[in-house]
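okay, predicted coordinates and the sequence, questions at the end:
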Amino acid sequence: MIEKETAFYSEGSRLKATIYYPDDLPDAGNLPALVINSGYQGFNEFYPKLFAQRLTEHGFVCLGFDYRGMADSEGEKGRVLIEEQAQDVRNAVTFIRSQNDVDPRRIGLIGWGMGAANVVLAAEKGGDVAGVASLNGFYDGERWLQSIHTYDEFVKIVDEVKEDRVNRVLKGESKLADTFAHYPLDPATGDYVEKELSQVYGFGHPTRLQFTESILDLKVESVVAHLAPTPLFIAHGERNSLHPFDEARSLYGSAASPKTLYTIDGRHNDFMYGDHPEFLLLCDRLRQFFDEAFSVSAAPARSISA
């Protein structure tokens with residue numbers, strides 16, 4: 001895999017990015033491209049690079065980037081808003097489309113974790129990608145938060161968010177909280193994060209409580225039908241206790257696109273290793289999905305005879 005460090009701007013913030021090319025890069029351009037998006041913490045080093053290592057072998061150009069405010073990307077540290085990350089994704093699509101060696105008709109989106117919602121939102125707004133893959137996500141923020149907290153915990157969270165909104169209006173600042181204050185990790189995910197991700201540069205910065213309000217406002221299922229006719233691939237770990245499988249099932253039921261629901265034999269990220277059989281199977285399914293989606297998007301338009 002060939003790596004090219006680069007950057008693009010998203011609403012005034014310069015975002016660090018990497019374009020990943022196949023080793024056997026042809027002299028001529030017009031290659032299919034995938035914009036791969038990480039989850040909550042939003043780092044290129046998390047999963048975009050991991051997916052790119054496998055998917056470039058299948059001939060795709062891949063773009064990974066750090067969301068605004070993450071690692072060395074510009075933007076306020078600790079400010080994490082889903083709606084702003086969706087803007088970053090849309091701008092990443094515009095950037096990769098501008099590359100001379102990329103076929104603008106064959107661009108797809110992959111989103112992992114919280115990024116699974118981001119890519120649906122970005123594609124629904126932009127309408128300019130050929131396929132969307134949402135992996136291990138949640139799609140109704142309030143429902144998801146209720147599913148992983150007790151009733152008393154959830155009520156406390158809502159009260160804290162209301163208080164933080166008042167403080168933002170009267171004092172101009174949202175409170176910084178522990179990275180996972182309202183986004184608690186299940187034991188399996190927590191172990192993985194501590195072992196594999198906690199040493200990644202920039203990981204673990206405190207997050208402002210406005211982030212939780214952004215989650216509560218998230219209603220992807222209310223817009224996913226507008227994604228049609230863009231094909232949608234939904235993949236989810238069947239034993240995922242961080243983002244329950246019902247999230248994927250519910251999104252699938254609301255989608256009007258040509259759609260696929262693929263069940264991963266795993267939890268949230270216990271299979272996220274480059275040589276893990278489930279990860280390799282997932283990448284094969286992604287390749288098949290985007291090959292099919294791109295064959296449609298790149299087909300010559302049919303003329304209608306009088």
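Okay, I see it.

where along the stretch 201-306 of the chain do the strands fall?
Assigned by DSSP state E, counting those that start in this stretch, the stretch 201-306 of the chain shows strands spanning 207-208, 232-237, 259-264.

so what touches the shortest one?
Right, strand 207-208. 78-80, 164, 174-179, 181 (C-beta atoms under 8 Å, 6 or more residues apart in numbering). In this view, the C-beta of every residue, glycine as well, is placed from N, C-alpha and C.

which among those residues count as buried?
Applying 16 or more other C-beta atoms under 10 Å to those, the neighbour count classes 78-80, 164, 174-175, 177, 179, 181 as buried.

between the residues you listed, which is nearest residue 11?
If you rank these by distance to residue 11 using C-beta to C-beta, residue 79 comes first, at 12.3 Å.

if I look at residue 130, how far off is residue 35?
Here residue 130 is placed at a distance of 11 Å from residue 35 (C-beta to C-beta, to the nearest Å).

what is in contact with the two at once?
With C-beta under 8 Å, 6+ apart, residue 130 and residue 35 have common neighbours 107-108.

circling back to that earlier point, from the contacts of strand 207-208, which ones fall inside helices?
Those of these mapping onto helices are residue 164, per DSSP state H.

one step back: if you count surrounding residues, which of residue 130 and residue 35 has more?
residue 35 (27 against 24; other C-beta atoms under 10 Å).

who's the more buried one bridged to?
Following DSSP bridges, residue 35 is listed with bridge partners residue 63, residue 109.

contact partners for it?
Listed by C-beta under 8 Å, 6+ apart, the contact set of residue 35 reads 62-63, 89, 92-93, 96, 107-110.

likewise for residue 132?
By C-beta under 8 Å, 6+ apart, residue 132 lies in contact with 108-109, 111, 119-120, 123, 227, 230-233.

as CSV, the buried ones among the contacts of strand 207-208 with pLDDT would be great.
Compiled in CSV, those are given as follows (pLDDT from 0 to 100):
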residue, pLDDT
78, 89
79, 92
80, 92
164, 95
174, 92
175, 92
177, 87
179, 77
181, 79
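
right, and the pair among the residues you listed with maximum separation?
Within the buried ones among the contacts of strand 207-208, 164 and 179 form the most distant pair, 16.2 Å apart (C-beta to C-beta).

would you map the helices across the stretch 51-200 of the chain?
Here the stretch 51-200 of the chain has its helices, by DSSP state H, counting those that start in this stretch, at 82-97, 114-126, 141-148, 151-171, 187-192.

nearest to residue 261 among the buried ones among the contacts of strand 207-208?
For the buried ones among the contacts of strand 207-208, the nearest to residue 261 is residue 80 (28.0 Å; C-beta to C-beta).

on that earlier part again, inside strands: which ones of the contacts of strand 207-208?
176-177 (DSSP state E).

turn the contacts of strand 207-208 into JSON lines, columns for distance to residue 190.
Putting the contacts of strand 207-208 into JSON lines (distance: C-beta to C-beta, whole Å) gives the following:
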{"residue": "78", "distance to residue 190": "21"}
{"residue": "79", "distance to residue 190": "24"}
{"residue": "80", "distance to residue 190": "19"}
{"residue": "164", "distance to residue 190": "25"}
{"residue": "174", "distance to residue 190": "25"}
{"residue": "175", "distance to residue 190": "23"}
{"residue": "176", "distance to residue 190": "21"}
{"residue": "177", "distance to residue 190": "17"}
{"residue": "178", "distance to residue 190": "13"}
{"residue": "179", "distance to residue 190": "12"}
{"residue": "181", "distance to residue 190": "14"}
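
can you tell me how far residue 78 is from residue 40?
According to C-beta to C-beta, residue 78 stands 13 Å off from residue 40.

which residues of the stretch 201-306 of the chain score low on pLDDT?
Across the stretch 201-306 of the chain, the ranges flagged by pLDDT under 70 are 201-202, 204, 301-306.

again, only using 90
Residue ranges of the stretch 201-306 of the chain with pLDDT under 90: 201-207, 297-306.

helices along that one, start to end?
With DSSP H, counting those that start in this stretch as the definition, the stretch 201-306 of the chain shows helices at residue ranges 210-216, 245-254, 277-297.

so where is the stretch 51-200 of the chain shaky, pLDDT-wise?
The stretch 51-200 of the chain contains residues with pLDDT under 90 at 70-71, 78, 125-128, 173, 177-200.

just the strands of the stretch 201-306 of the chain: most buried one?
Of all these, strand 232-237 carries the top mean neighbour count, a mean of 25, counting by mean count of other C-beta atoms under 10 Å.

adjacent strands (with direction) for that strand?
Sheet pairing of strand 232-237 (DSSP bridges) gives strand 131-135 (parallel), strand 259-264 (parallel).

which one of those strands lies closest to residue 169?
strand 131-135 (33.6 Å).
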